[in-house]
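Q: turn this into a model:
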Amino acid sequence: MPAPSNLQAYVLPGRDRGIILVLLFAAFVVILNETLLNVALPRLMQELNLQATTVQWLATAFMLTMAVVIPTTGFILQRFSTRTVFIAAMGLFVLGTLMAGLAQGFGPLLFGRVVQASGTALMLPLLITTILALVPAAHRGGVLGMVSIVISVAPATGPTLSGLILEVLPWRYLFLFVVPVALVVLAYGVRRLVNVGEVRPAYLDLPSVGLSVLGFGSLVYGFSSVGNLGGWSSPQVWAALLGGGVGLLVFVLRQNGLAQRGAALLELRPFRYPMFSLGLGVILIAMMALFGGAILLPIYLQSIRGLGSLQTGLLLLPGGLLMGLAAPTVGKLFDRYGPLPLAVPGAMLLVGTLWGFSTVGEGTGIGTLLLLHLILSLGLALLFTPVMTTALNPLPGPLYPHGSAILSTLQMVAGAVGTALLITVWTVRSAALRGVAPPEVAQTAGLQAAFGLATCVAVVALFLTFFLRRPQPEPSAPEGAQAQQVSSVGD
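A: Numbers count the residues shown, from 1 in each chain. Model prediction:
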């Protein structure tokens, strides 16, 4: 283990701490809604008389909107002030949540989800960029650990909270309960939030926006729709993937050309920093396994083990809470010891628990499943904060918005890819045994094959973690609160 750094205890100034706490709470509220509706989909199918392929668009459209909006946040965070972006993000989220809660049919409900997602897409890059601007690189691990709380606890809490509400109230209250909370956060943020960094002139290249929509949007749509459009043999799936690949290639080429004139919509220069590229690769592989597992485990618990939605949410909740509670401590340990002593054991736990899930059967004890999920969550806690901090630390100030936008966008793509791959393996393996073995046995075999693939993917992440090193920001790159002036210009 590397010798601990001789770092004095770092305490955020009161103003900076207040800014970050406002954004953290706002991010928690908006990200909670990514999973809040998942448990309610069967109820919506009954009450609105919808098919499964139709109601699934409430989740797919949310992810699709995020994938389309996030690539533009590099431009947005550079061009507009912190308060402006915060007000826009929370305003869109409140409006979309209210529209969804009052919707009388599927169309208005879907549109409300799209507006919700537009606000959500702005919030996480805003939070990460603000932390990078306010906190010196040597102390970012502990603060970015707070972001891991939002990323892990909010999605884990969503299904449980949703199950509790649906036990006694109509589905509309999933949204109506959130509206007053979001309004309080918006009002407090408007009153307390100050602008961080300097607003710089930026050029909005409309062809790049179109290419971003085509590239990222089509890829996420294609991978997310594999299960709804008849599998990998569907022409629609392949058309979406092909269009997305071509769009993304042209998008990259155009950004490289525009970057020479300082007019890129999304700067790709962060990829020139080896630790950013390496850390991003580890995060994306881990996200593929995490998102796929988040889909497979509820299917197994409800379809094979017969648990209800509330029971499933309660079983998965402790893992999310453990990951969130461990994240700040892991961040502080990163600041002291660097990434290797944390990321390598975290990746080992990830590999071991995914392999453990690949051996579960129809009679595996609930206690065993809970223990595996807790260890998996601990492994992810040891992995995410050190790797994310390692990836973002070497970037100079002007690339903060673009680095966070790249990170957030590719996480969405990786989640869609991981889900599609693992669901496909599960479906194909189960179908191969249909008629030969009982349905429960066939589904369990599919689950084991899918988690086996996730284990192999996680082994690649484990290999990459051995190359992580504590990066040092460029001497010319301003870092920390002292190097970033708080803008005194109001909105």
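Q: hang on, V360 packs against A445?
A: No - with contacts defined as CB atoms under 8 Å, V360 does not count as touching A445, sitting 10.9 Å away. Bear in mind the C-beta positions are built from the backbone N, C-alpha and C, glycine included.
Q: of the two, who's got more company?
A: Neighbours per residue, other CB atoms under 10 Å: of V360 and A445, the larger number sits with V360, 20 against 17.
Q: shaky segments in the stretch 251-400 of the chain?
A: Applying pLDDT under 70 to the stretch 251-400 of the chain flags residues 291-294, 309.
Q: now do the helices in it.
A: Counting by DSSP state H, counting those that start in this stretch, the stretch 251-400 of the chain has helices at residues 274-299, 309-337, 340-357, 366-392, 400-432.
Q: now V252: closest residue in space, sequence neighbours ignored.
A: The spatial neighbour of V252 that comes closest, neighbours along the chain excluded (CB to CB, 6 or more residues apart in numbering), is L268 at 6.7 Å.
Q: phi, psi for that neighbour please.
A: phi -100, psi 10 (degrees, to the nearest 10).
Q: need the contact list for it.
A: Under the criterion of CB atoms under 8 Å, 6 or more residues apart in numbering, the contact partners of L268 comprise V252, Q255, N256, A259, H402, I406.
Q: separation between it and L399?
A: 10 Å (CB to CB, to the nearest Å).
Q: rewinding a little: adding distance to M66 and mean neighbour count, write the helices of the stretch 251-400 of the chain out as CSV.
A: Formatted as CSV, the helices of the stretch 251-400 of the chain follow (distance: least, CB to CB, whole Å; neighbours: other CB atoms under 10 Å):
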stretch, distance to M66, mean neighbour count
helix 274-299, 13, 22
helix 309-337, 20, 21
helix 340-357, 24, 22
helix 366-392, 18, 23
helix 400-432, 5, 22
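Q: compare those and report which one is nearest to T130.
A: helix 400-432 (8.8 Å; CB to CB).
Q: that closest one vs helix 274-299, what angle?
A: Angle of helix 400-432 versus helix 274-299, following axes from the mean of the first three to the mean of the last three CA atoms, to 10 degrees, is 40 degrees.
Q: any idea how far stretch 56-72 is from the chain center?
A: Stretch 56-72 sits 12 Å away from the centroid of its parent chain (CA atoms, centre = their mean, to the nearest Å).
Q: show me the contact partners of it.
A: The set of residues external to stretch 56-72 that reach it, using CB under 8 Å, 6+ apart, is 34, 37-38, 41, 44, 109-110, 113-114, 116-118, 120-122, 125, 209, 212-213, 216-217, 219-221, 224-225, 228, 265-266, 405, 408-409, 412-413, 415-416.
Q: out of the residues you listed, list just those in helices.
A: Using DSSP state H, 34, 41, 44, 109-110, 113-114, 116-118, 120-122, 125, 209, 212, 219-221, 224, 405, 408-409, 412-413, 415-416 are the members of the contacts of stretch 56-72 that sit in helices.
Q: ok, of those residues, which come out buried?
A: Neighbour counting by 16 or more other CB atoms under 10 Å classes 34, 41, 44, 109-110, 113-114, 116-118, 120-122, 125, 209, 212, 219-221, 224, 405, 408-409, 412-413, 415-416 among these as buried.
Q: which non-adjacent residue is nearest L376?
A: When the adjacent residues along the chain are set aside, L376 lies closest to T353, with 4.0 Å between them (CB to CB, 6+ apart).
Q: now the helices of the stretch 251-400 of the chain as a markdown table including distance to R172?
A: As requested, the helices of the stretch 251-400 of the chain are arranged in a markdown table below (distance: least, CB to CB, whole Å):
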| stretch | distance to R172 |
| --- | --- |
| helix 274-299 | 23 |
| helix 309-337 | 17 |
| helix 340-357 | 35 |
| helix 366-392 | 31 |
| helix 400-432 | 27 |
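Q: now the helices for the stretch 1-150 of the chain?
A: With DSSP H, counting those that start in this stretch, the ranges of helices along the stretch 1-150 of the chain come out as 14-36, 41-47, 52-55, 57-69, 73-79, 82-102, 106-134, 140-168.
Q: mind giving me the packing neighbours of the fifth one?
A: When you say that, I think you mean helix 73-79. Judged by 3 or more CB pairs under 8 Å, 6 or more residues apart in numbering; DSSP states H and E, helix 73-79 is in contact with helix 106-134, helix 400-432.
Q: helix or strand next in line after the longest one, which one?
A: When you say that, I think you mean helix 400-432. Sequence order places helix 439-465 as the next helix or strand after helix 400-432, per DSSP states H and E.
Q: now the angle between helix 340-357 and that following helix, please.
A: On the basis of the same axes, to 10 degrees, helix 439-465 is oriented at 160 degrees to helix 340-357.
Q: show the average pLDDT along helix 439-465.
A: Taken as a whole, helix 439-465 has a mean pLDDT of 88.
Q: mind listing what's buried in that helix?
A: Residues of helix 439-465 classed as buried by neighbour count (16+ other CB under 10 Å): 442-455, 457-459, 461-462, 464-465.
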